[in-house]
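Novice: Mind looking at a prediction? Sequence and model below.
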Amino acid sequence: MNETTLNLLEPGSKAKVIQVKGRGKARKRVLDMGMVPGAEIEVLRKAPFGDPIEFLVKGYRLSLRKTEAEHIMVQPHTE
Amino acid sequence: MTQNKITIALAGNPNVGKSTLFNAITGAHQHVGNWAGVTVEKKIGTRTYHDTEIEVVDLPGTYSLTAYSVDEIVARDYVVEDKPDVVVQIVDATNLERNLYLTTQLMELGSRLVIALNMWDVAESRGDKIDTTKMEEFLEIPVVKTIGNKGEGIDGLLDEVLREAGKGAHHEHEVSYGNEIESKIIELERILVNDDALSARYPLRWLAIKLLDGDENILEKIKVSPMATQIDNVLNTIDREDCEASMADKRYEAINTVLPQVCERCVKEVTFSDMIDHVVTNKYLGIPIFLSMMWAAFEVTFTFATPFMGMIDMFFGWLAGVVAENITTIWLGSLLGDGIVAGVGAVMIFLPNIMLLFLMLSLLEDCGYMARAAFIMDKLMYKIGLHGRSFIPLLMGFGCNVPAIMATRTIEDERDRLITILVNPFISCGARLPVYILLAGAFFGRDAGSVIFGLYMLGIIVAILSAKLIRGTLIKGKPAPFIMELPPYRIPTVKGSAIHMWEKGSLYVKKAGTIILAGVILVWLFSAIPSPGVDAAFASEEILGTGDSLMGALGHVIEPLVAPLGFDWRIAVALVFGFVAKEIVIGSMGVLYGVGKDEDALGDILVAGAMTPLSALGLMVFTLLYVPCIATIGVIKKETGSWKWTLFAAGYTTGLAWIAAFLIYQVGTYVGWGL
């Protein structure tokens, strides 16, 4: 599969982070929380109203709004 | 005997058991305050260990030490500027990778570091094998195993702390950022060394790293440096976004080279928590579970508190009576009884609510559900310009705005928090209900229920619109990004929750109590001083709370202001008294209309001509919206730390109430309703 943004992945999919776009504090926070290029992530589930989304990264669970996830370029693993 | 004294700071990610360990080290010897200038809680405790008095400072829980939040700035400023003898980082053994990220940053602050490898029993029970000897070797930091909730490993930790404190300056192993960035670091260090003020306060390497990391707080400090232009020249040669990403990357890379050797088979998933999440954040079950949890928290907070509040009320009522009876000087008896004792009672009456709410919040937070609640509600809250964590404080407002506003502490972003505080008073608290019941019952008969429901809805709508309005004007910008950990579910400790509950209660009494007491005494003074021209003694029976008091005179003065709303001076006076507590509006109207405590008689008088359904509706809306009670104002001041925002809250609510009641009365009269 081709590169896409993290918000577009469905629960259950796994991917590798390619790049974190955007700028400023929010981006740095996302990086600090382990969403660095090369990190392996798994989409766990969406909140009952469809947003935010819960991910597994660096061995813990992180949630992001779709607007934040949109800035994260990923390479999905085909399984 | 000479006693050594050292200071240690506890650092660590949120949800790693930091508070539990802090409690285990210091026991009951702790006190809470705020960090200077910000509304971030500061806990300090002491412990005497082997003839050494150890002062333990609990730093805010952070994932990193960037300038992302006030918490992070507070934590790192403390380490850099106050230079504690040892920094203890509490590391969650079940999640080394992300926890060690903070370690890489603490290393750069140049302070002595000890790692408390907490909850290692949990890690071990699921099959992780962590080699602490190797960990010490690679990180060049002492590592001590602890189990905070069982109090295990505390002595070992303190032994290590004392040993480290005795050593001189030392530089731990540091992350290497790669040739390109390292050369920039050196370049910057060479420039920074010429700034005496900065180089005396901060480690140069750390400053250089923070500059390359695009740290807003440090960039701001550099602006006034004599070296500013030279620094800018270096910074202009780098791609900021690239540099930031590769620095975070290098830190994780450094961890990942160490990790496989330290932890033989570290499990990457927490299946138990996943199973719970599968249910509690389920698309269909998530909301019903959430609502029942909220219902339970609300019920415990406000229903369980009722008997305690009744007892407090009775006690202070009794005490005021005793005081009044035994002091023959009438004015003094009234000052002590109706002013001071009643004022202290007005402060204490909220304690059961506050303590029970924080007991519930602490249990929800510690078990891990709080983050899920924010996760579930975020979409709705985001739509009105707030954060998922704003929901619970708003919900609790239906019980009482005082603990509800205190509960906003869990909102990380200052601006999101401020808006949540400012709109909270519009959520109709329990004290306003008696006013609605009397007026709606008297004027709207069978429709009373619908009218009251409408008032609650109006409060919610005004809160939402105000949040949007404030977001669009005074506090511009979007809500803070939602980048939140969903921590593993854990069993909360009773001790931790009890301490938290106690702290919140005592903080409230200390910080908000004085404002509330002063307010009550001021209102009492107005009701006790005879109005000019009235021939009666100060604080005598015929003056207190009647139209002949200064308050009555004040009512006549402000009558023209409320006349367009269809209110007379009596209602003006009752509304001023309502500032003490909103339910007092009714009691005060009873006194002013000469029927005392007889509410039925009051209803009859009002219906007989003192008010119209239209002005009664206006009065209910006014009571809903106008300045919150003294206690709420007290906690707004305490939680915002600003008189400016407190006055804004008072002015905005009252202005809005006036406009709403004006529209109801004038438009209603024009259209011909209720005439």
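Specialist: Structure received.

Novice: Leaving out the residues flanking it, which one is nearest to residue 39?
Specialist: Just so you know, I chose chain A. Closest residue to residue A:39 apart from its sequence neighbours, by Cβ to Cβ, 6 or more residues apart in numbering or on different chains: residue A:17 at 4.6 Å. C-betas here are computed from N, CA, C, even on glycine.

Novice: Switch to chain B, please.
Specialist: residue B:641 is the one closest to residue B:39 (Cβ to Cβ, 6+ apart), at 4.8 Å.

Novice: List the contacts of the residue nearest the centre of chain B.
Specialist: Among the residues of chain B, residue B:409 comes closest to the average C-alpha position under Cα atoms, centre = their mean, at 2.2 Å. Contact analysis of residue B:409 by Cβ atoms under 8 Å, 6 or more residues apart in numbering or on different chains lists B:39, B:41, B:417, B:639.

Novice: for residue B:240, same thing?
Specialist: Applying Cβ under 8 Å, 6+ apart, the residues near residue B:240 are A:23, B:214.

Novice: Need phi/psi at it.
Specialist: The phi/psi pair for residue B:240 (degrees, to the nearest 10) reads phi -60, psi -50.

Novice: quick one: least confident helix or strand in chain A?
Specialist: helix A:24-32 (a mean of 90; mean pLDDT, DSSP states H and E).

Novice: Just name whatever secondary elements that helix is in contact with.
Specialist: Contacts defined by 3 or more Cβ pairs under 8 Å, 6 or more residues apart in numbering or on different chains; DSSP states H and E place helix A:24-32 against strand A:14-20, helix B:240-262, strand B:483-485.

Novice: Residue B:14: which of the ones you listed is closest?
Specialist: strand B:483-485 (6.9 Å; Cβ to Cβ).

Novice: Mind giving me the packing neighbours of the closest one?
Specialist: Using 3+ Cβ pairs under 8 Å, 6+ apart, strand B:483-485 is in contact with helix A:24-32, strand A:60-64, helix B:369-383.

Novice: give me the low-pLDDT residue ranges for chain B?
Specialist: B:1-2, B:168-173, B:267-270, B:674-675 (pLDDT under 70).

Novice: helix, strand or coil for the residue of it most remote from its centre?
Specialist: Of all residues in chain B, residue B:535 has its C-alpha farthest from the mean position, at 48.8 Å, by Cα atoms, centre = their mean. Classification of residue B:535 by DSSP: H, G, I helix; E, B strand; the rest coil places it in coil.

Novice: Please verify my assumption that residue B:430 contacts residue B:398.
Specialist: Yes: using Cβ atoms under 8 Å, residue B:430 is in contact with residue B:398, at 7.4 Å.

Novice: List the buried residues in the helix or strand residue B:648 falls within.
Specialist: Using DSSP states H and E, residue B:648 sits within helix B:643-671. For helix B:643-671, the neighbour count (16 or more other Cβ atoms under 10 Å in any protein chain shown) marks B:645-646, B:648-650, B:652-654, B:656-658, B:660-662, B:664-665, B:668 as buried.

Novice: Distance from the chain centre to that helix, please.
Specialist: Helix B:643-671 sits 27 Å away from the centroid of its parent chain (Cα atoms, centre = their mean, to the nearest Å).

Novice: on that earlier part again, which of the contacts of residue B:409 are buried?
Specialist: B:39, B:41, B:417, B:639.

Novice: now for these, which pair is the farthest apart?
Specialist: Largest pairwise distance in those, by Cβ to Cβ, is 13.0 Å, between B:41 and B:417.

Novice: Flag the shaky bits of chain A, pLDDT-wise.
Specialist: A:1, A:79.

Novice: Enumerate the residues of it near chain B.
Specialist: A:19-20, A:23, A:25-34, A:36-39, A:44-52, A:54, A:56, A:58-65, A:67-68 (Cβ under 8 Å from any Cβ of the partner chain).

Novice: Can you give the strand pairings for the helix or strand harbouring residue B:48, parallel or anti for each?
Specialist: Here residue B:48, judged by DSSP H and E, is contained in strand B:41-49. Each strand paired with strand B:41-49, and its direction, by DSSP bridges: strand B:30-34 (antiparallel), strand B:52-58 (antiparallel).
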